[in-house]
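Peer 1: coordinates for the following, if possible.
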Amino acid sequence: MNKVTVETLTQKIPSSWQGLLGAMATKQHNLMSGEMWFQEMHQSRYGTMLSWADLTDAICTEEPVLENDQLTFVPRLLCFAVGLQRSLVSFLHLHQSDLPQVVLHTFLDTMRKTKIKDSWVETILQMFDHNIIYKANKSDVKTLAFWQEQKYTFSTENATFSSDLCCRLQACRPDSSPWQTRMEQTNVFRTTVTPDESTQQHMGEGVIKIDSDVVLCPMEVDVTPEELSGKITADSDAEDQTAVSPPEQVHYTQRPQTVVEMLDTELKDEAQRLKEIWHNGGECSGIPAEVYIFNKISSVQIQAICNLLDLPGLSEDSVATACQHMMQMSPEISYSHCTEFVRRCILPKLKSLCQNASRILVVTLTSLTQKFPKQTIDGALVPCLIAEEMGIPQADLVCRILKEALSAEHKEYFTRRLLESTFEWSEPVIAVIQTLTDTKTDMNSTTLTLLVSSLEKGSLQMAKSLKFGKAVLGIISKYGKQMNEDSLVTMARIVDCHKSFMRKAAQTALKRLVT
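Peer 2: So this is what the prediction gives:
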């Protein structure tokens with residue numbers, strides 16, 4: 001394969017994600033460095049909410065390469081050095097639960113069609129699919145058949161060690177540890193095989209080497225915990241007749257420390273004073289010193305502070321006061337803390353709407369959105385639309401915010417965040433999509449692809465909806481020229497299964513684009 005410089009490939013990655021590659025380019029601790037960069041971006045008040053779709057689209061885009069004098073095309077991910085490939089795939093696996101399902105499946109589909117040469121990368125991709133199968137209760141037969149050829153096997157030494165360890169864990173007391181004596185007797189990470197030069201070059205320094213008889217494959221998904229426990233016990237009886245018999249019953253009284261207990265007395269007292277100020281309807285003119293508690297706490301403690309403040313229990317007047325205080329903070333509250341505050345304070349008010357929002361709630365939400373647009377989108381607007389409580393009052397309020405408080409850039413961000421989420425198509429959701437179309441929201445190729453894919457998922461359910469047909473026609477008219485061939489084919493399928501009288505007009509609009 002021809003060599004492509006890291007600098008050239010990095011320039012083709014979205015600028016918001018280039019820092020991740022820079023952090024992973026270090027010789028040691030590639031994944032750890034990348035994760036530290038991600039957490040810093042996520043928690044810093046200067047950071048922004050990163051789009052997983054942008055990253056996966058960039059590394060799945062095909063690049064021309066020469067292999068054995070043959071011109072082929074492979075995903076950009078495989079053009080990086082093997083060490084960086086492993087770090088990127090491991091990073092995505094670490095954040096698998098954060099990836100939208102559409103984005104995750106698109107990434108895995110691309111990788112399945114590609115021949116993976118590095119066994120490490122291939123194993124991590126297998127772990128992706130096994131996690132998906134587990135979550136879907138093994139309903140994904142196609143994915144199961146794709147990866148189930150390889151099975152996990154214990155080496156003789158590891159089987160003996162695991163059996164011995166299980167017996168020790170069963171027999172040990174709460175105040176003792178079976179690891180102590182075992183670690184004193186032997187070095188678990190003993191190396192017996194030296195990797196070849198190419199492997200050593202990609203692995204870099206400080207990487208633990210693994211015995212050659214250890215097979216790194218995903219665990220069998222068909223093995224139940226009871227069966228596995230039986231196998232281990234049988235091996236233990238056969239190999240170690242002197243193992244200590246476990247006691248009949250062991251009582252553990254220790255419990256993990258809760259998040260609230262992690263707060264010191266000073267923070268708790270400060271939160272209590274702020275709670276009294278907000279719940280008693282404090283003045284908006286001045287900002288109390290207790291508000292700056294949000295700049296003193298970590299991303300873990302923010303949840304405990306919000307619980308102590310009882311933000312869902314605030315009246316609408318108190319919500320207005322609290323939001324005014326947050327907007328007056330200097331330095332500003334961090335991105336993640338602000339998003340969590342909005343989610344705890346504003347979102348419950350939006351979900352509980354049974355009629356048009358009050359004037360004070362509209363003014364508060366409008367001001368907050370203008371000050372913290374992306375935080376409000378991630379903390380309240382999008383979660384409100386995908387919630388079960390979603391209805392016409394919520395849709396009307398979101399449409400008003402889209403028209404009055406969001407810039408063109410942030411409307412595009414709102415659209416992408418909504419389409420990356422999982423939601424049920426309904427008349428209120430259509431109203432929001434129609435508002436985005438009517439206000440001529442800019443959409444890049446990634447957002448447009450997500451929109452077309454989402455429309456297809458709802459096309460059968462909304463086949464008789466006149467509003468859905470009108471929205472489809474508006475999207476074809478305004479964004480049809482930006483669509484690629486695959487998107488146009490998908491739009492044709494959506495129009496063909498539509499039942500309202502808008503179908504004919506949409507078909508005519510599509511024909512104009514094709515001809």
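Peer 1: what residue, apart from its backbone neighbours, is nearest Phe107 spatially?
Peer 2: The shortest distance from Phe107 to any residue that is not its chain neighbour, by C-beta to C-beta, 6 or more residues apart in numbering, is 4.4 Å, and that residue is Thr56. Yep, even glycine has a C-beta here, placed from its N, CA and C like the rest.
Peer 1: any low-confidence regions in the stretch 251-400 of the chain?
Peer 2: When residues are selected by pLDDT under 70, those of the stretch 251-400 of the chain lie in 251-262, 282-285.
Peer 1: can you give me the helices in it?
Peer 2: With DSSP state H, counting those that start in this stretch, the ranges of helices along the stretch 251-400 of the chain come out as 265-279, 301-309, 316-328, 335-345, 347-351, 359-371, 373-376, 382-385, 392-404.
Peer 1: I'd like to know which of those helices lies nearest to Thr439.
Peer 2: Thr439 sits nearest to helix 392-404 of all those, at 6.4 Å, using C-beta to C-beta.
Peer 1: in the closest one, what's buried?
Peer 2: Applying a neighbour-count criterion of 16 or more other C-beta atoms under 10 Å, the buried positions in helix 392-404 are 393-402.
Peer 1: swap in stretch 374-392?
Peer 2: Of the residues in stretch 374-392, 374-385, 390-391 count as buried by neighbour count, 16+ other C-beta under 10 Å.
Peer 1: keeping just the C-alphas, turn that stretch into PDB.
Peer 2: C-alpha atoms of stretch 374-392 as PDB (Å, rounded to 0.1, in the frame of the first residue of the first chain):
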ATOM      1  CA  LYS A 374     -25.700  24.800  21.600                       C
ATOM      2  CA  GLN A 375     -26.100  24.000  25.300                       C
ATOM      3  CA  THR A 376     -29.800  24.700  25.200                       C
ATOM      4  CA  ILE A 377     -30.200  22.600  22.000                       C
ATOM      5  CA  ASP A 378     -28.400  19.700  23.600                       C
ATOM      6  CA  GLY A 379     -30.000  20.100  27.100                       C
ATOM      7  CA  ALA A 380     -33.600  21.000  26.300                       C
ATOM      8  CA  LEU A 381     -34.700  21.500  22.700                       C
ATOM      9  CA  VAL A 382     -33.700  18.200  21.200                       C
ATOM     10  CA  PRO A 383     -34.400  16.000  24.300                       C
ATOM     11  CA  CYS A 384     -37.900  17.600  24.400                       C
ATOM     12  CA  LEU A 385     -38.700  16.600  20.800                       C
ATOM     13  CA  ILE A 386     -37.600  13.000  21.300                       C
ATOM     14  CA  ALA A 387     -39.300  12.500  24.700                       C
ATOM     15  CA  GLU A 388     -42.600  10.600  25.100                       C
ATOM     16  CA  GLU A 389     -44.300  13.800  26.300                       C
ATOM     17  CA  MET A 390     -43.700  15.400  22.900                       C
ATOM     18  CA  GLY A 391     -46.900  17.200  21.700                       C
ATOM     19  CA  ILE A 392     -48.200  20.200  19.900                       C
END
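Peer 1: which parts of this protein are strands?
Peer 2: For the chain, applying DSSP state E gives strands covering 62-67, 70-75.
Peer 1: the first one versus strand 70-75: what angle between them?
Peer 2: Taking axes from the mean of the first three to the mean of the last three C-alpha atoms, to 10 degrees, strand 62-67 and strand 70-75 form an angle of 140 degrees between their directions.
Peer 1: who does strand 62-67 pair up with?
Peer 2: Paired neighbours of strand 62-67 in the sheet (DSSP bridges): strand 70-75 (antiparallel).
Peer 1: and for the strand it pairs with, what's in contact with it?
Peer 2: Here strand 70-75 makes contact (C-beta atoms under 8 Å, 6 or more residues apart in numbering) with 1, 59-66, 110-111, 114.
Peer 1: what bridges to Phe73?
Peer 2: As for beta bridges, Phe73 partners with Pro64 under DSSP bridges.
Peer 1: neighbours around it, how many?
Peer 2: 10 (other C-beta atoms under 10 Å).
Peer 1: what distance do you get for it to Thr8?
Peer 2: Phe73 sits at a distance of 16 Å from Thr8 (criterion: C-beta to C-beta, to the nearest Å).
Peer 1: in JSON lines: the strands of the chain, plus distance to Ile13.
Peer 2: Compiled in JSON lines, the strands of the chain are given as follows (distance: least, C-beta to C-beta, whole Å):
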{"stretch": "strand 62-67", "distance to Ile13": "12"}
{"stretch": "strand 70-75", "distance to Ile13": "13"}
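Peer 1: select, out of those strands, the one closest to His279.
Peer 2: Proximity of those to His279 was assessed by C-beta to C-beta; the nearest stretch is strand 70-75, lying at 53.8 Å.
Peer 1: quick one: that closest one to chain centroid distance?
Peer 2: Chain-centre distance of strand 70-75: 30 Å, with C-alpha atoms, centre = their mean, to the nearest Å.
Peer 1: how about that strand: buried residues?
Peer 2: Taking 16+ other C-beta under 10 Å as the basis for neighbour counts, the residues of strand 70-75 that come out buried are 74-75.
Peer 1: most centrally placed residue in the protein?
Peer 2: Among the residues of the chain, the smallest C-alpha distance to the mean C-alpha position (C-alpha atoms, centre = their mean) belongs to Asp98, namely 1.3 Å.
Peer 1: wait, doesn't Leu361 sit right on Glu316?
Peer 2: Yes: judged on C-beta atoms under 8 Å, Leu361 makes contact with Glu316 at a distance of 5.4 Å.
Peer 1: neighbour count winner among those two?
Peer 2: Neighbour totals were compared for Leu361 and Glu316, and Leu361 leads with 19 against 14 (other C-beta under 10 Å).
Peer 1: now stretch 78-92: mean pLDDT?
Peer 2: Average pLDDT, stretch 78-92: 87.
Peer 1: please enumerate residues in contact with it?
Peer 2: Outside stretch 78-92, the residues that touch it by C-beta under 8 Å, 6+ apart are 1, 4, 6, 9, 20-21, 24-25, 30-31, 34-35, 38, 56, 59, 63, 65, 77, 99, 107, 114, 116-118, 120-121, 124-125, 128, 202-204.
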